[in-house]
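> Okay, here's the prediction I keep looking at, along with the sequence it came from:
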Amino acid sequence: MSTVYDVTTWTVPGNPAVTCYTDVGAVINSIIADIKANQPNQWSKPGAVIYLPPGDYPLRTRVTIDVSYLTIKGSGHGFTSSSIRYNSGDTSSWWEIWPGGSRIRVENTDGRAEAFRVARAGNPRLSSVVFENFCLDGVSFTGNQNSYRNGRVGILVDTANDAFRIERMGFVYLERALVVRDADALSVSGNFIAECGNCVELIGSGQASKVTDNLIGAGYVGRSVFAEGHEGLLVTANNIFPRGASLIHLKNTNRSSISANRLHGFYPGMIVFEGLNKENLVSGNHLRREAEPWGPMQPYGNGRDDLFGVIQIRGDNNFVTGNMIAWYVDPTKIRPVGATPTMVLVASGTGNVVATNHMVTNVAAKHVVLDATTVGTRVLDSGTAAQFQAYTTNHAFRATP
Amino acid sequence: MSTVYDVTTWTVPGNPAVTCYTDVGAVINSIIADIKANQPNQWSKPGAVIYLPPGDYPLRTRVTIDVSYLTIKGSGHGFTSSSIRYNSGDTSSWWEIWPGGSRIRVENTDGRAEAFRVARAGNPRLSSVVFENFCLDGVSFTGNQNSYRNGRVGILVDTANDAFRIERMGFVYLERALVVRDADALSVSGNFIAECGNCVELIGSGQASKVTDNLIGAGYVGRSVFAEGHEGLLVTANNIFPRGASLIHLKNTNRSSISANRLHGFYPGMIVFEGLNKENLVSGNHLRREAEPWGPMQPYGNGRDDLFGVIQIRGDNNFVTGNMIAWYVDPTKIRPVGATPTMVLVASGTGNVVATNHMVTNVAAKHVVLDATTVGTRVLDSGTAAQFQAYTTNHAFRATP
Amino acid sequence: MSTVYDVTTWTVPGNPAVTCYTDVGAVINSIIADIKANQPNQWSKPGAVIYLPPGDYPLRTRVTIDVSYLTIKGSGHGFTSSSIRYNSGDTSSWWEIWPGGSRIRVENTDGRAEAFRVARAGNPRLSSVVFENFCLDGVSFTGNQNSYRNGRVGILVDTANDAFRIERMGFVYLERALVVRDADALSVSGNFIAECGNCVELIGSGQASKVTDNLIGAGYVGRSVFAEGHEGLLVTANNIFPRGASLIHLKNTNRSSISANRLHGFYPGMIVFEGLNKENLVSGNHLRREAEPWGPMQPYGNGRDDLFGVIQIRGDNNFVTGNMIAWYVDPTKIRPVGATPTMVLVASGTGNVVATNHMVTNVAAKHVVLDATTVGTRVLDSGTAAQFQAYTTNHAFRATP
C-alpha cells in the first residue's frame, strides 16, 4: 500500500467526476480518508505524502487534516505579484497574469473560510504535519483589489500541535495566510508570504517555535508576523518588506527573540508590543521606515502617528540592542503635523533596556521616548540628550558621545 | 542504470526475504553495493539517492556508507514526543503512540550501536553525503524511559569528511543522535533533534561548519550541541529547548560564533566552554533559565550548582555581547543553598570581554564573576557594581548606569 | 500533460541522438519548448519541474529560461574540492576525482559563457524560477588550475526578476558561479558555492533579497558575496571561508544588513564597501583574518595592504557593532613592511558609528582608523586610545575601559 499520493492521478472512490482540476480539496480529503483506512493501527501510523505537481488546482472544499505525519508538498511556491498586476491596467500583452508553481486557487464554495484546517481532539496533539513548497492563492480581494479583504484563510491549525513545519510555501492574496493556534516547536521557514492581509499569526499560546529565513510582507490592514501568548519564540533571518500595519507584533509574549531581521515599513509601529511582554530580546535588526512611494497604495495607512514609535515596547525587562533605524519621511507627511517623530517608544513597564542602537533620520527626532508610567528604563548609547525624552525621572540615561 | 532507489521496491540479490519491512539496514547496504557495482570508474561516480517513503522500517543491520554523493532521503522527520507518551500512563485511547513519517526504528541485532556509520580510508575524504527528511527513532531507553541511555547512535560519521549535509531530519530517543568526526564545511540545518541523550556532537576536529535553523533539545544527561577542536563553527538561528546538561558546549574550540539563538535550560551551564577556547563570539542570544517544571523530570539534574554560571567562559579573548539572560528559579531550589547565582562566569583566561548584556533575575545575582586566575577581562554595561564580582584586580569594569 | 520532466527520459523531438548524456543543455531547452507549447494560455502557466537524477551530464548548449515558475532540481549538490585534487599530484589511487551528485559539467561548445541564462523582455518580470540541489561544475580552469579563470558562468539571470530561489545548489570551478541582475525578493539559501572565481554577484540593482545560510568561498581573484545598487539586502547566517579577494562586498548599496555571519579570509579587505553606501548594519559577525597557510595558494593575494582594513567602510551613517575580529598574521607578512595593521577603516562619509566591537591581534594594531575626509564618526568601546587613529578632529571617541 503506497504512502505516496499524487493529486493528479487519484480517483475519488464512488465519485470519479471529481478531480484535482475540479476540486483539489475534495481530492485531498479523499486521499486522507484512504490514509486513515490503511493505517488503522495505533502502533503504526506513519502518515503519507501528498504531491501536487506544478499546475492550477481549484479548491472548492476545505481540506480537513486530522492525522499526524502528513506532508502536503508541491514543486514551487509560484509567487508573482498580483498587486502589481491588478494595479497595472491593461495586461493583455502580459506573458502570464497569475501565480503559478503548484498552485491551489482558494475558491471555497462550501461556506468555509479556510483552504486547509488542521485540528484533532483527544491525545496526543497532532505532530509533524508539513506544508511544503506549493502555492496558496486567494486569487482576488473583495470590494477592490487593494482591500486585502476576502475572508479567505490559507491554513488554519486550530488545535494544539507539535513539530509542525510550514516551509518553502507561497501564500498570496489571502486575508489570512497562515494561522497556527497553540504551537509547540513550530517551524515557519523559507516561505514567501506576501500580499496577504495577515501573513503569519501565531494565536492562543505557543512555545519554542521559530520563524526563520522567510520573505514576508502583509497588507496595510494586518500583520506580517504576529505572536500571542508565546514563550521562547525565535524570529530571525527574515526579510520583512512592506506593507504590514505592523511587521512584528508581539502580544503578551515573553522571553522571545527578534534578531538579525531586515524590516522595511511604510507606517509607524514596525515592531509593536501589545499587552504585557516580558524579557524579550530585540537585537541586530535593520529597520527602514519611509513613506509609501507607490501611488496606488498611498491612500492607505495603519492609522498610527509618528509619536507611536517605529518600535513600541510594552512590558518589563525587554532588551533592545544593536538595532539600526533608518528613517526618512517627507516632513509634510509627518503626523501629527509638525511633530518630532519617535523612533523607540517605551510605552509601559519596568526595567527595559535600550542600548547601543543607531538611528538616522532626515528630521530632528526623538530616538528614545519613555512614557510617564515607565519605571527604571536604562537608555545607553542610543542618541544624544536632545534625542532623548523621558516623561519620568525614574530612568538612567547615557548619551552617545 | 537508474541512480534513484526506493527501499520499498528493492529486492536484495540472492535474499528476497529481506525487505525494508524486515531490515531496512540490510536493504540499504544492498543498494549501496549496487551503486558501487554500477559506478566502478574513478572518473564518474555521481552517487545516488535512496528514498524512504513514509512508513515504519526496522533497522537490524547497521548501514555502512563509504561512497560520496549519496543522499538518503525520506518524506517527513515524523517527530512526536515519546517522553510525554512514556510518562503518560494509559495511552490506549491515543490516536497514535509512535513517531512517524519516514521512520527507521533503530533496533540493531548485529551488535552495532549505530544505525548509520559513514567512514572510508584513503583519499579523498568522503564528500557530500546527505541525510534528509527522515526519522531515526531509538524507540525506547534502557532501565527506565527517562534514562536517556540505550547505547543507540543514529548517525556516526567516523572519518574526515567534506560538505556533508544533515538537513530536515528527525532524531528521537537515541542515546546519541548525530556524531560527526573531523568535519569540514558541514551543514546541520533544519533538523528536529529532541529527546536524545546527546543531539549534535562534532568530535575530534573540524572547520568552517554550521549548525543553523534547528530545533534541538537533549536529555539531562547530554549535550544539545557539542563541538570539540573546531575552528570557525557557526551556530546560529537555532531554538534549543530543554533539557540538555549543556545546550551549547565548546571544547578546545576557537574563533567560532554562537549568535542569534534562543536557548532554554533547566540547569546551570547552558553555554559551556571546556578546556582552552579562544576568540569566540557569543552574541545576540536569548537564554532562559528556570527550574524543571515537569514532575517526571524533576528528580534529574546535571549536577552543577548555581555558581557555575548560566554561561561559563574558559579561554582567551572571547567576546560575550548583546545577550539576554532571563533567570527565574525558586529560591528554595538554588544550590548551594542560599548562594547568589552567577549569570556569566569567566572561569579562566586572558582578555575576555563581556559587554552590553542584559540579565533579569528573580533574586539578587552576580551578572558577571571573574575567577582569580583570569587576566585582563573587560566587563562593560552588563550590570551594576553590586552585580559584579571579581576575584582578581586585573580587570576593567564599567557599570551599567 | 505532465508538468514533471526527467532529463534522463526525455527524447528531443526530431533529434533523438541528443540525450542528457551528450548535451543536457539541449535536452533542457527542448523540455522548456514543450512546457511553452503546452501552456499557451496567459491565464494558466504554472510552469514545471525538470529533474536531474544523480549523474554526470555534459552541457554543451546554453539553457535559455524565459518562463516563470520553472524549477530545475537535482538530488545532490555534489561538492568535492577540485582545488585539493588538482594540487595533489598523483590521484590514480583516489576513490573518485570529480564532484558528483546531480552534476552538470559546464562545457559549452556553443560560444556562450553561461550554463543557464534566464531572461525575458516585456511584462511581467520573470517570477519564481528555482534552481535547487544540483551541481554546476566548471571542471577546470584555464592556464593553470589555480587561475580561477575559465570564462564559465553557472547561472546568469539577466533581466529583472521576482521571487527567484537559488537553494541547496552546488557550484564549483566556475569563473562566475551565480550572477543575478536586478533582483527583487531573491532567496540565495542553503547553497555550497566554493572554488569559483566569484560566487554570488548581485548586479545592477535589487531590493528585499536575502543571502542566508550558505557555505561560500570564492577564489583569490573575486568576491564571495557582491551586491551592487541593492536596498534592503539581508546577508545572515553564512559561513564564508577563504579565499575571496573580498568576502562581502557592497557597492552603492544602502540600508542592508550583514549580521551573524562567520567570515574567514586570507587578505585585507574582508568586508568592503565601494562607492557610496548608506545606513547599512554590520553586526554580530565573526571575522578571522590570517595569512594563507597552504603552499599552492601562497603565491597569490588580492593586492591590498594591511592599511586597507579588515573592514573598510565607505558612505554615510553605517553602523558597525557587536563584531569580533581575530587577526593573526606573521609580522614578516604584514604589508607595507612594518606597518601597523588596520582592523576597521572608515574611508569616507558622514555619521558612521563603530560601537562595541572586539578586536584581537597578534601585533599592535589600529582597531579603528578614520580617514581625513570622514565627518562625525562615532567610535565607542572598540579599543583603547592607542588603538584608535583619526586623521580628522571631527569625530567622537570613547575608549574601551
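Here it is on my side, so go on.
> Can you pull the residues of the stretch 151-300 of chain A lying near chain C?
Residues of the stretch 151-300 of chain A lying near chain C by C-beta under 8 Å from any C-beta of the partner chain: A:170, A:190, A:192, A:194, A:213, A:215, A:217, A:236-239, A:241, A:259-262, A:264, A:283-286, A:288. C-beta coordinates here come from the backbone N, C-alpha and C atoms, glycine included.
> try 10 Å this time
Residues of the stretch 151-300 of chain A lying close to chain C (C-beta under 10 Å from any C-beta of the partner chain) are A:168, A:170, A:172, A:189-192, A:194, A:212-217, A:236-242, A:259-264, A:283-288, A:290.
> Restricted to strands, list these.
A:170, A:172, A:189, A:192, A:194, A:212, A:215-217, A:236, A:239-240, A:259, A:262-264, A:283, A:286-288, A:290 (DSSP state E).
> List buried members of those by neighbour count.
Buried members of these, counted by 16 or more other C-beta atoms under 10 Å in any protein chain shown: A:170, A:172, A:189, A:192, A:194, A:212, A:215-217, A:236, A:239-240, A:259, A:262-264, A:283, A:286-288, A:290.
> Of these, which ones also sit close to chain B?
Within these, those near chain B by C-beta under 10 Å from any C-beta are A:Ser189, A:Thr212, A:Thr236, A:Ser259, A:Ser283.
> If I look at the third one, what pLDDT would I see?
This means A:Thr236. Looking at A:Thr236, its pLDDT is 98.
> And for the closest residue to A:Ala113 other than its chain neighbours, the neighbour number?
Take A:Ala113 and drop its neighbours on the chain: the residue closest to it by C-beta to C-beta, 6 or more residues apart in numbering or on different chains is A:Val153, 4.8 Å away. Residues contacting A:Val153 under the criterion other C-beta atoms under 10 Å in any protein chain shown number 27.
> what's the pLDDT at A:Val153?
Per the predicted model, pLDDT is 98 at A:Val153.
> So in terms of bridging, what pairs with it?
A:Val153 forms beta bridges with A:Glu114, A:Arg176, as assigned by DSSP bridges.
> Distance of it relative to chain B?
24 Å (C-beta to the nearest C-beta, to the nearest Å).
> And A:Asp90, by the same measure?
On the measure of C-beta to the nearest C-beta, A:Asp90 and chain B end up 43 Å apart.
> A:Asn214 touches A:Asn239, doesn't it?
Yes - in this structure, A:Asn214 is within contact of A:Asn239 by C-beta atoms under 10 Å, at 7.6 Å.
> List the contacts of A:Leu263.
A:216, A:224-225, A:238-242, A:244, A:247-248, A:270-271, A:285-289, A:310-311, A:323, A:325, C:232, C:234, C:257 (C-beta atoms under 10 Å, 6 or more residues apart in numbering or on different chains).
> hmm, try it at 7 Å
Counting by C-beta atoms under 7 Å, 6 or more residues apart in numbering or on different chains, A:Leu263 touches A:Ile240, A:Leu247, A:Met270, A:Asn285, A:His286, A:Leu287, A:Arg288.
> in these, which two residues are the furthest apart from each other?
A:Leu247 and A:His286 (11.7 Å; C-beta to C-beta).
> quick one, phi psi at A:Arg378?
A:Arg378 adopts backbone torsions of phi -110, psi 130, taken as degrees, to the nearest 10.
> thinking again about what came up before, roughly how far does the residue nearest to A:Ala113 sit from A:Glu114?
Distance, A:Val153 to A:Glu114, by C-beta to C-beta, to the nearest Å: 4 Å.
> ditto for A:Gln207
For A:Gln207, the distance to A:Glu114 - C-beta to C-beta - is 24 Å.
> More neighbours: the two, which one.
The neighbour comparison of A:Gln207 against A:Glu114 (other C-beta under 10 Å) goes to A:Glu114, with 25 against 20.
> which ones are touching the more buried one?
A:Arg62, A:Val153, A:Leu156.
> So A:Leu70 sits against A:Pro46, correct?
No - contact between A:Leu70 and A:Pro46 fails when scored by C-beta atoms under 7 Å: they sit 9.9 Å apart.
> CA-only coordinates of stretch A:146-159 in PDB, if you can.
Output of stretch A:146-159 as PDB, limited to C-alpha atoms (Å, rounded to 0.1, in the frame of the first residue of the first chain):
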ATOM      1  CA  ASN A 146      -6.400  46.800  -2.700                       C
ATOM      2  CA  SER A 147      -8.700  46.000   0.200                       C
ATOM      3  CA  TYR A 148      -6.800  42.900   1.400                       C
ATOM      4  CA  ARG A 149     -10.100  41.500   2.500                       C
ATOM      5  CA  ASN A 150     -11.800  38.400   1.100                       C
ATOM      6  CA  GLY A 151     -12.400  36.300   4.100                       C
ATOM      7  CA  ARG A 152     -10.100  33.600   2.800                       C
ATOM      8  CA  VAL A 153      -7.600  31.700   5.000                       C
ATOM      9  CA  GLY A 154      -4.800  29.600   3.600                       C
ATOM     10  CA  ILE A 155      -4.000  27.300   6.600                       C
ATOM     11  CA  LEU A 156      -5.600  27.300  10.000                       C
ATOM     12  CA  VAL A 157      -4.100  25.000  12.500                       C
ATOM     13  CA  ASP A 158      -6.900  25.100  15.100                       C
ATOM     14  CA  THR A 159      -5.800  22.700  17.900                       C
END
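> and it, which residues are buried?
For stretch A:146-159, a neighbour-count test (16+ other C-beta under 10 Å) marks A:Asn146, A:Tyr148, A:Asn150, A:Arg152, A:Val153, A:Gly154, A:Ile155, A:Leu156, A:Val157, A:Asp158, A:Thr159 as buried.
> what's it in contact with?
Outside stretch A:146-159, the residues touching it (C-beta under 7 Å, 6+ apart) are A:106, A:113-121, A:126, A:131, A:136, A:138, A:140-143, A:164, A:171, A:174-182, A:197, A:219, A:221-222, A:296-297.
> Flag every residue of the stretch 251-400 of chain A that's near chain B.
A:255, A:257, A:259-260, A:279, A:281, A:283-284, A:317, A:319, A:321-322, A:351, A:353, A:355-356, A:378, A:380, A:396, A:398 (C-beta under 7 Å from any C-beta of the partner chain).
> Name the nearest residue to the residue nearest the centre of chain A, sequence neighbours excluded.
With distances taken as C-alpha atoms, centre = their mean, the residue of chain A nearest its centroid is A:Val200 (2.6 Å). Excluding the flanking residues, the one nearest A:Val200 by C-beta to C-beta, 6+ apart is A:Val225, at 4.8 Å.
> Next up, identify which helix or strand the one you found is on.
Using DSSP states H and E, A:Val225 falls within strand A:223-228.
> what pLDDT, on average, does that strand get?
98.
> Run the chain-centre distance for that strand.
Distance of strand A:223-228 from the chain centroid (C-alpha atoms, centre = their mean, to the nearest Å) equals 5 Å.
> what lines up beside it in the sheet?
strand A:198-207 (parallel), strand A:246-251 (parallel).
> now A:Ala344, what's its secondary structure?
Actually, residue A:344 is Val rather than Ala. strand (DSSP: H, G, I helix; E, B strand; the rest coil).
> Please look at it and A:Asn318 and confirm they touch.
No - taking contacts as C-beta under 7 Å, A:Val344 lies outside contact range of A:Asn318: 10.6 Å.
> So what would you say the end-to-end distance of stretch A:109-120 is?
23 Å (C-alpha to C-alpha, to the nearest Å).
> how far out from the middle of the chain is it?
On C-alpha atoms, centre = their mean, the centre of stretch A:109-120 falls 19 Å from that of its chain.
> which parts of that stretch are buried?
A:Arg112, A:Ala113, A:Glu114, A:Ala115, A:Phe116, A:Arg117, A:Val118, A:Arg120.
> Spatially, which two of those are the most separated?
Greatest spatial distance among the buried residues of stretch A:109-120 (C-beta to C-beta): A:Ala113 and A:Arg120, at 19.1 Å.
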